[in-house]
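Engineer: need a 3D model of the following:
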Amino acid sequence: NSFIRVKNSTSNFHLAVINGQASVTGCRYGFFSEFNKSQLDWVTTNHSPTNQFCIGDTIRLYSDSIDGDNSTTYLWAGPNGFSATIQNPYFIATGNQINGTYTVNANTSACAVEPLSINILVSSPSIVLPADTTICSNSPITLTPTGTFTSLLWSTGATTPSITVNSSGTYWVKGFLGSNCFATDTIHINLIQSGQFSLGNDTTLCDTTNLVLNAPSGSYSYLWSTGNTSNSIDINQSGTYWLQIENNNICPYRDSIIVSFVPIPTPNLGADTTLCFGSSLILTDGLNTGTSIWSTGFTGHSITINTAGSYWVTSSSTNNCSNSDTIYITSVQSTPIYLGIDTMLCDNQFLELNAGYGFNSYLWSTGSIDSHISVLQPGTYWVQATDGPCTSSDAINILPCPCTVWAPNTFTPNSDNINDNYYIVANNLSYLNVQIFNRWGELLYEQTDLNAKWNGKYKGQICPEGVYFCVIKYKCDYTKDKLFQTSTSVTLIQ
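Structural biologist: Below you'll find the predicted structure:
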C-alpha cells in the first residue's frame, strides 16, 4: 500500500527489483511496471530570461507538457484577475497593473501535478525635455530630462544625465527602463547670434580731453550705464562704463571699460616781468611732482636766468599728461650808486655819504631812509636804493685814523719849565702803558694814563743824569684789543 515518487529527466522509465549490479551481474527479480512522466519541469515567456515587457508588447506564457497524457488540463492564474485554461496563453502588456507572479496548475487523469510560477515585469518609462526654445550664442543651454528611466541615450551619442548645446538643431533623448523599454522626447533649438563686441581696454586720460565710446553697428538695441540708448556716448568723468546690446530684444551681451581721468600739471611762471641789468632771477614752475623741461634744456622745477628773453616750461605727470607756461623777461638798466672808495675818519671829524638823487626809495645800514647820511664813527656803511623794479646798492668801509706813538729821546727836569717832563705823544690810542727802567733793570716809573708825564724823579728824588730805557705798550682804536709793544731810550740831562 505504499508508492514511490520518482523524478527523472527521461520520458519513460521502469521500476524493477534488482539484486546486484543492474548492468552486469545483477539478477532481476521481476519487472513491475512502466511509468510515464507526470511533472511540469519549467515555465517561461517569450522574453526569457528577463521576462521584462514594455507596454504594448505581446506576453506569451509557455508551460512544460505531460507526456503521454492527452487529458492534461492547464489552469493559469495571475494579477489583476488574469486566468487561462490553455497550455500557452498570451495577452497584451497594458501597464504595470499586470506585473506579478503567474502560476500554472496541470492535472492529468492519473496524477495531480505540482504547480509552477514565473514573474512578469511590465516597464513603463517616461521622459520629458523642456519645450522648444531659442538660445543666444553666448549662452549655451543645458538639457536635462525628467521622467522615469534608468539610463539615457541622446541623439548626440551621449549617455550622460545632461548635455549642453550651443547650436541650432533637433535633439532627442531616449529614457530606458531595463534593456528593452524606452520613452523618447524631442526638443528643437533655435540659435541666435549674440552681438559680441569690446569697448576696448581700460584706459587713463588727461582731464582736459574726453572719450567717445562707440557701440557695434547692426540691428541691435543699446543701453549704456548712463541710461543713454544711442550708439555712442561722450564721457569726461572717471568711472566704469558698460554697454548692453540685444538682438531683437533677446540675447543681451554686455561689456565694460574703466576710464580714469587724471589732472594735468599746471605750471605757473607768473606774470611777465623785468630783469634789472646785472642781476639774476629764479623762475619756478610752482610744482613739486612730475618732470619739467625748460626752454633752456634744463630739467627740474626751477632755473636761474640773468638775461632777458622768452622762457617756457613743459611739465609732465607720471600719466604722460603735460602742460606748458611761458614768461617774457624784459631787461632794465638800473642806475648805479657810488659811495666812493674806502676812507679813514679821524677823531672829531664827520663824513657825508650821498647815494644820489632820482631813486624812489633809500635804505641805509643805519636805518635811515634819506638820500644821504653823516658818519661820525668808523665802520662799514651800505645803502640800497630802488629805481622802479631795480635796486642799486653800494657799500664803503670807513677806517679810523692810524694810531701814532712818539717818544722823545731827551728831557731836562731842571724846573725851568722847558722840557721838564718826559711824556709820550700819541694819537688814536685806546690804551697806553709806559715803563721806565735804569740800566740795572730797576723799574723807576710806570703810567697807564694817556696824558701822564714823568718828572724824572724816583722816590721823590731827581734821578741822576744818564740813559734810561723805556718800554711802551699800547692799543689802537681801530685794532681794538690788539696789543702793540715798542722800546726806546731817553737821556736825562740836568
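Engineer: between the two ends of stretch 151-158, how far is it?
Structural biologist: 11 Å (C-alpha to C-alpha, to the nearest Å).
Engineer: tell me which residues in that stretch are buried?
Structural biologist: By neighbour count on 16 or more other C-beta atoms under 10 Å, the buried set for stretch 151-158 is 152-154. For every residue, glycine as well, the C-beta is placed using N, CA and C.
Engineer: now swap in stretch 284-292 and tell me
Structural biologist: 284-287, 290, 292.
Engineer: what's the closest of those residues to Ser225?
Structural biologist: Lowest distance from Ser225 to the buried residues of stretch 284-292 (C-beta to C-beta) belongs to Gly290, with 32.0 Å.
Engineer: what's the local residue count around Ser194?
Structural biologist: Using other C-beta atoms under 10 Å, Ser194 has 19 other residues around it.
Engineer: repeat that for the one 5 residues further on.
Structural biologist: Burial of Leu199, expressed as a neighbour count using other C-beta under 10 Å, amounts to 19.
Engineer: show the pLDDT at it.
Structural biologist: pLDDT, Leu199: 92.
Engineer: with Gln97 instead?
Structural biologist: Reported pLDDT for Gln97: 89.
Engineer: tell me the phi and psi of it?
Structural biologist: phi -70, psi -10 (degrees, to the nearest 10).
Engineer: beta partners for Asn107?
Structural biologist: Beta bridges link Asn107 to Thr73, Ala112 when assigned by DSSP bridges.
Engineer: same check on Ser260?
Structural biologist: Residues in beta-bridge contact with Ser260 (DSSP bridges): Thr204.
Engineer: where's it relative to Ser198, distance?
Structural biologist: Distance from Ser260 to Ser198, counting by C-beta to C-beta, to the nearest Å: 18 Å.
Engineer: what's the answer for Thr318, then?
Structural biologist: In terms of C-beta to C-beta, Thr318 sits 27 Å off from Ser198.
Engineer: thinking again about what came up before, can you redo the buried residues of stretch 151-158 as TSV with secondary structure, distance to Tyr338 and pLDDT?
Structural biologist: As requested, the buried residues of stretch 151-158 are exported to TSV (DSSP: H, G, I helix; E, B strand; the rest coil; distance: C-beta to C-beta, whole Å; pLDDT from 0 to 100):
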residue	secondary structure	distance to Tyr338	pLDDT
Leu152	strand	114	93
Leu153	strand	117	94
Trp154	strand	111	96
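Engineer: export those as a markdown table, with columns for distance to Ser374.
Structural biologist: Formatted as a markdown table, the buried residues of stretch 151-158 follow (distance: C-beta to C-beta, whole Å):
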| residue | distance to Ser374 |
| --- | --- |
| Leu152 | 122 |
| Leu153 | 125 |
| Trp154 | 120 |
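Engineer: what bridges to the nearest residue to Gly300 once chain neighbours are set aside?
Structural biologist: Sequence neighbours aside, Ser292 is the residue nearest to Gly300 in space, at 6.4 Å (criterion: C-beta to C-beta, 6 or more residues apart in numbering). Assessed by DSSP bridges, Ser292 has beta-bridge partners Ser315.
Engineer: list the contacts of Ser292.
Structural biologist: 267, 285, 299-301, 313-316 (C-beta atoms under 8 Å, 6 or more residues apart in numbering).
Engineer: now the element after the strand or helix carrying Tyr253, going C-ward?
Structural biologist: For Tyr253, the host element (DSSP states H and E) is strand 250-262. With elements assigned by DSSP H and E, the helix or strand that comes after strand 250-262 is strand 273-276.
Engineer: buried stuff in that next one?
Structural biologist: So strand 273-276, judged by 16+ other C-beta under 10 Å, has buried residues 275-276.
Engineer: parallel or antiparallel, list what pairs with it.
Structural biologist: strand 322-332 (parallel).
Engineer: now the helix or strand just after the partner strand: how far from the chain's centre is it?
Structural biologist: Heading C-terminal from strand 322-332, the first helix or strand you meet, by DSSP H and E, is strand 343-345. Centroid separation for strand 343-345 versus its chain: 73 Å, with C-alpha atoms, centre = their mean, to the nearest Å.
Engineer: which residues sit against strand 343-345?
Structural biologist: In contact with strand 343-345 (C-beta under 8 Å, 6+ apart) are residues 351, 375-378, 396, 398-402.
Engineer: neighbours around Asn455, how many?
Structural biologist: That count, for Asn455 with other C-beta under 10 Å as the rule, works out to 15.
Engineer: quick check: it vs Tyr423, distance?
Structural biologist: Counting by C-beta to C-beta, the gap from Asn455 to Tyr423 is 10 Å.
Engineer: model confidence for the residue nearest to Thr45 when sequence neighbours are not counted, exactly?
Structural biologist: Nearest-residue entry for Thr45: Asn51, 4.9 Å, with adjacent residues in sequence omitted and distances by C-beta to C-beta, 6+ apart. What the model reports as pLDDT for Asn51 is 88.
Engineer: go ahead and confirm Asn51 touches Val122.
Structural biologist: No: the pair Asn51 / Val122 is not scored as a contact, 10.0 Å apart, by C-beta atoms under 8 Å.
Engineer: ok, the two, which is more surrounded?
Structural biologist: Val122 (22 against 17).
Engineer: please name the bridge partners of that one.
Structural biologist: Phe53.
Engineer: I figured it hits Ile55, correct?
Structural biologist: Yes: applying C-beta under 8 Å, one finds Val122 in contact with Ile55, separated by 6.4 Å.
Engineer: any common contacting residues for these two?
Structural biologist: With C-beta under 8 Å, 6+ apart as the test, Val122 and Ile55 both reach 93-95.
Engineer: select only the buried ones of the residues you listed in ChimeraX?
Structural biologist: If you want just the buried ones from the shared contacts of Val122 and Ile55 in ChimeraX, going by 16+ other C-beta under 10 Å, the selection is:
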select :93
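Engineer: would you turn the shared contacts of Val122 and Ile55 into CSV with secondary structure and distance to Trp42?
Structural biologist: Listed next are the shared contacts of Val122 and Ile55 as CSV, based on DSSP: H, G, I helix; E, B strand; the rest coil; distance: C-beta to C-beta, whole Å:
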residue, secondary structure, distance to Trp42
Ala93, coil, 22
Thr94, coil, 26
Gly95, coil, 27
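Engineer: between the shared contacts of Val122 and Ile55, which sits nearest Ile118?
Structural biologist: Nearest member of these to Ile118, counting by C-beta to C-beta, is Ala93, at 14.4 Å.
Engineer: any low-confidence regions in the stretch 1-150 of the chain?
Structural biologist: 1-38, 67-69, 109-112 (pLDDT under 70).
Engineer: please repeat the previous calculation with a cut-off of 90.
Structural biologist: 1-42, 46-57, 64-73, 94-97, 106-114, 121-125, 134-140, 148-150 (pLDDT under 90).
Engineer: good, we can wrap up now.
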